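Participant: what's the 3D shape of this:
(one chain, ligands or ions: 3)
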Amino acid sequence: MEVLELQNKTHDETRQGEAFAPFTNEANSFKKHFYIESYGCAMNFSDSEIVAAILNQQGFGATTNFEQADLIFLNTCSVREKAEQTVRKRLTEFRKVKESKPQMLVGVLGCMAERLKAKLLEEEKLVDIVVGPDAYRSLPNLIEEAESGQKAVNVLLSREETYADISPIRLNSNGVTAFISITRGCNNMCTFCVVPFTRGRERSRNANSIVNEAKDLFEKGYREVTLLGQNVDSYYWVDETKNEVVTFANLLEQVALVSPLLRVRFSTSHPKDITDEVLYTIAKYENICKYIHLPIQSGNTRILQLMNRTYTREWYLAKVDRIKTILPDCGISADIIAGFCTETEEEHKETISAMEYSKYDYSYMFYYSERPGTLAERRYADDIPEDVKKRRLAEIVETQNKLSYQSNLQDIGKIFKVLIEGESKKSGNDWKGRNSRNKVIVFAKGNYNLQPGDYVNVQVTECTQGTLLGNIVD
Ligand code: SAH
Ligand code: SF4
Ligand code: F3S
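Facilitator: Ligands and ions are numbered 1, 2, ... in the order given. Coordinates of the predicted model:
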């Protein structure tokens with residue numbers, strides 16, 4: 001959950017390394033060990049847990065120490081150039097380890113593997129295995145191939161693969177919050193975006209397997225699940241045994257009914273697809289969190305059209321109004337791109353004013369990074385100078401910092417139900433958790449006998465731009 005918790009930072013800055021040994025007692029019985037690091041969006045972190053399950057079945061245990069690993073995997077992201085550079089830099093760091101341990105295998109998984117395919121083997125000599133997001137079931141064969149000294153590649157995309165039957169092994173888990181993938185791929189063709197090329201066509205996972213995964217997590221003590229997809233609102237699955245269609249609203253309801261003690265979150269919502277039915281379902285269940293990640297990308301209609309986002313500025317802002325009407329206390333966050341092709345100063349200012357209108361709790365903000373093969377790369381010149389892009393991004397970040405602080409100031413004095421996720425990083429005397437609106441709250445443990453996974457009422461007494469601070473109230 002670190003991914004979603006980081007405030008006002010780019011996804012590229014997040015790295016969840018250090019897989020852990022899932023079954024410590026059995027760890028020694030594994031014949032070999034793998035180490036996995038994930039980059040990019042929550043989808044990749046979730047996929048690494050599927051990879052861990054596949055490898056586990058083959059007798060590979062996870063290790064947190066890459067020097068002890070027989071296999072090193074990087075689950076990579078291609079969304080911006082910087083994300084790819086980070087991975088390349090990391091690969092150079094593994095070169096030394098490989099020099100002293102030539103039998104160790106290095107695999108690149110995820111979106112960069114899919115985008116670059118076998119070319120990656122030429123460019124990065126230490127890489128032995130390249131495997132795309134839909135081909136993880138072939139990992140055991142690929143590893144065998146690589147062990148025999150050949151380079152192994154599988155980057156086939158699928159129209160059906162959802163890994164529905166694979167029970168993920170939770171990596172770096174706090175034991176309280178977990179991701180559940182509900183769709184894979186994306187059918188939207190936002191002109192700036194590489195994801196449709198790296199993740200393929202959109203498909204929805206069997207609803208029963210999703211609900212069962214949520215039940216299983218709840219029974220194991222988890223108290224919050226985040227339903228994941230590039231565009232969760234377009235979830236659509238037909239239950240052929242009952243001849244019933246399951247929409248995203250239906251799925252949310254089914255997961256919410258697992259237990260009132262299990263919180264439900266979801267990400268990401270495309271503004272064009274989130275329906276009133278979804279908003280009313282959120283309103284109906286206390287345990288569906290009142291928080292919507294609703295990427296705007298730009299606040300100007302001409303730029304939105306160039307991006308092929310399929311909505312206008314007015315349409316987006318009307319959606320924000322609709323959310324606030326049906327869910328008055330709902331938090332909203334966004335993704336924003338500064339300096340897209342041909343963006344004028346006036347158009348950039350419209351992004352700032354749309355942020356102010358929407359009053360985002362926080363945002364993930366980026367400057368435009370041209371990606372090979374995308375429609376924008378083929379059709380438009382990347383004509384905004386880098387210094388202008390960076391200055392516009394700085395203005396967007398500054399606006400968001402102000403909005404986040406204002407939003408937090410309004411919470412002072414309020415009492416929130418908080419799910420405890422663990423100890424605060426700064427002090428063992430404090431707990432850290434979140435409220436329904438996804439705001440992080442840090443508070444003193446006091447003399448209460450509480451533990452992660454418990455709910456507690458906390459009154460906010462102070463705040464920073466990123467965090468609420470408070471005290472437990474009875
Ligand atoms: N499916 C999600 C977003 C996936 S990518 C959605 O539709 O909202 C996460 C974010 O990265 C995007 O929302 C966008 O803001 C940003 N992004 C994607 N491609 C980018 C690019 N070429 N340059 C800069 N930011 C980009
Ligand atoms: Fe990319 Fe657009 Fe799909 Fe999101 S909806 S993954 S931004 S193409
Ligand atoms: Fe990156 Fe792939 Fe996610 S490109 S943002 S890891 S879908």
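
Participant: Residue 451 belongs to a helix, doesn't it?
Facilitator: No: residue state for residue 451 (DSSP: H, G, I helix; E, B strand; the rest coil) corresponds to coil; a helix is not indicated.

Participant: quick one: it and residue 421 touch, right?
Facilitator: No: counting by C-beta atoms under 8 Å, residue 451 sits too far from residue 421 to count as a contact (10.8 Å). In short, each C-beta sits where N, CA and C put it, glycine included.

Participant: These two: who's more crowded?
Facilitator: More crowded of residue 451 and residue 421, by other C-beta atoms under 10 Å: residue 421, with 21 against 13.

Participant: okay, that one: pLDDT?
Facilitator: Reading off the confidence values, residue 421 has pLDDT 98.

Participant: next one: residue 320
Facilitator: In this prediction, residue 320 carries a pLDDT score of 98.

Participant: can you check residue 50 too?
Facilitator: In this model, residue 50 is scored at 97, pLDDT.

Participant: packing partners for the host helix or strand of it?
Facilitator: Assigned by DSSP states H and E, residue 50 belongs to helix 42-57. For helix 42-57, the packing partners by 3 or more C-beta pairs under 8 Å, 6 or more residues apart in numbering; DSSP states H and E come out as helix 2-5, strand 32-39, strand 60-62, strand 71-76, strand 105-110, helix 139-147, strand 177-181, strand 224-228.

Participant: give me the number of residues near the residue of the stretch 301-450 of the chain found nearest ligand 1?
Facilitator: Proximity to ligand 1, evaluated over the stretch 301-450 of the chain using C-beta to the nearest ligand atom, is greatest for residue 335 at 3.2 Å. When neighbours are counted by other C-beta under 10 Å, residue 335 registers 16.

Participant: that older thread, highest average neighbour count across the helices and strands packed on helix 42-57: which stretch is it?
Facilitator: Mean neighbour count, computed with mean count of other C-beta atoms under 10 Å, is highest for strand 71-76 among the helices and strands packed on helix 42-57, reaching a mean of 26.

Participant: give me every residue that touches residue 142.
Facilitator: Taking C-beta atoms under 8 Å, 6 or more residues apart in numbering as the contact definition, residue 142 lies against 107, 129, 131, 152-154.

Participant: ok, the residue in the stretch 151-300 of the chain positioned nearest to ligand 3 - contacts?
Facilitator: Each residue of the stretch 151-300 of the chain has a distance to ligand 3, by C-beta to the nearest ligand atom, and the smallest belongs to residue 195, at 4.7 Å. Taking C-beta under 8 Å, 6+ apart as the definition of contact, the neighbours of residue 195 are 79, 111, 186, 230.

Participant: I figured the third one hits residue 198, correct?
Facilitator: Pointing back at residue 186 there. No: in this structure residue 186 lies outside contact range of residue 198 using C-beta under 8 Å: 9.5 Å.

Participant: higher neighbour count, those two?
Facilitator: residue 198 (27 against 22).

Participant: The more buried one: which element?
Facilitator: When secondary structure is defined by DSSP H and E, residue 198 falls within helix 195-199.

Participant: Restricting to C-alpha, output that helix in CSV.
Facilitator: Presented in CSV, the C-alpha positions along helix 195-199 are these (Å, rounded to 0.1, in the frame of the first residue of the first chain):
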residue,chain,number,x,y,z
VAL,A,195,0.0,0.9,-21.1
PRO,A,196,-2.4,-0.4,-23.8
PHE,A,197,0.8,-1.6,-25.6
THR,A,198,2.4,-3.2,-22.6
ARG,A,199,-0.7,-4.7,-21.0
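
Participant: now residue 207, nearest residue through space, not along the chain?
Facilitator: In space, and not counting its chain neighbours, residue 207 is closest to residue 246: 4.3 Å by C-beta to C-beta, 6 or more residues apart in numbering.

Participant: wait, isn't that neighbour in contact with residue 240?
Facilitator: No: when contacts are counted by C-beta under 8 Å, residue 246 is not listed as touching residue 240 (11.2 Å).

Participant: Looking at the two, which one has more neighbours?
Facilitator: Here residue 246 and residue 240 are set side by side on neighbour count (other C-beta under 10 Å), and the busier one is residue 246, at 21 against 7.

Participant: So in that sheet, which strands flank the helix or strand harbouring that one, and in what orientation?
Facilitator: Residue 246 belongs to strand 244-247 when elements are defined using DSSP H and E. Partners of strand 244-247 in the sheet, by DSSP bridges, are strand 236-239 (antiparallel).

Participant: Can I get the partner strand in CSV, CA atoms only?
Facilitator: Listed in CSV are the C-alpha atoms of strand 236-239, where the atom choice follows Å, rounded to 0.1, in the frame of the first residue of the first chain:
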residue,chain,number,x,y,z
TYR,A,236,-17.8,-6.4,-16.9
TRP,A,237,-18.1,-10.1,-16.3
VAL,A,238,-20.9,-12.6,-17.3
ASP,A,239,-21.6,-15.3,-14.8
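
Participant: Going by neighbour count, which residues of that strand are buried?
Facilitator: Using 16 or more other C-beta atoms under 10 Å as the burial criterion, the residues of strand 236-239 that qualify are residue 237.

Participant: what's it in contact with?
Facilitator: Applying C-beta under 8 Å, 6+ apart, the contact partners of strand 236-239 are 204-208, 244-248, 251.

Participant: circling back: report the mean per-residue pLDDT for the strand holding residue 246.
Facilitator: Strand 244-247 shows a mean pLDDT of 97 in the predicted model.

Participant: do stretch 294-311 as well
Facilitator: Taken as a whole, stretch 294-311 has a mean pLDDT of 98.

Participant: How about that stretch and ligand 1, any contact?
Facilitator: Yes: counting by C-beta under 6 Å from any ligand atom, ligand 1 has neighbours in stretch 294-311: 295, 297.

Participant: in that stretch, what's buried?
Facilitator: When burial is assessed from 16+ other C-beta under 10 Å, stretch 294-311 yields the following buried residues: 294-301, 303-304, 306-307, 309, 311.

Participant: now the closest residue to residue 263 other than its chain neighbours, which residues is it bridged with?
Facilitator: If the residues on either side of it in the chain are set aside, residue 263 comes closest to residue 224, at 4.0 Å by C-beta to C-beta, 6+ apart. Each beta-bridge partner of residue 224 is listed here, defined by DSSP bridges: residue 177, residue 263.

Participant: my guess is residue 224 contacts residue 179, does it?
Facilitator: No: Residue 224 is not in contact with residue 179 according to C-beta under 8 Å; the separation is 10.0 Å.

Participant: What's the end-to-end length of stretch 63-74?
Facilitator: 14 Å (C-alpha to C-alpha, to the nearest Å).
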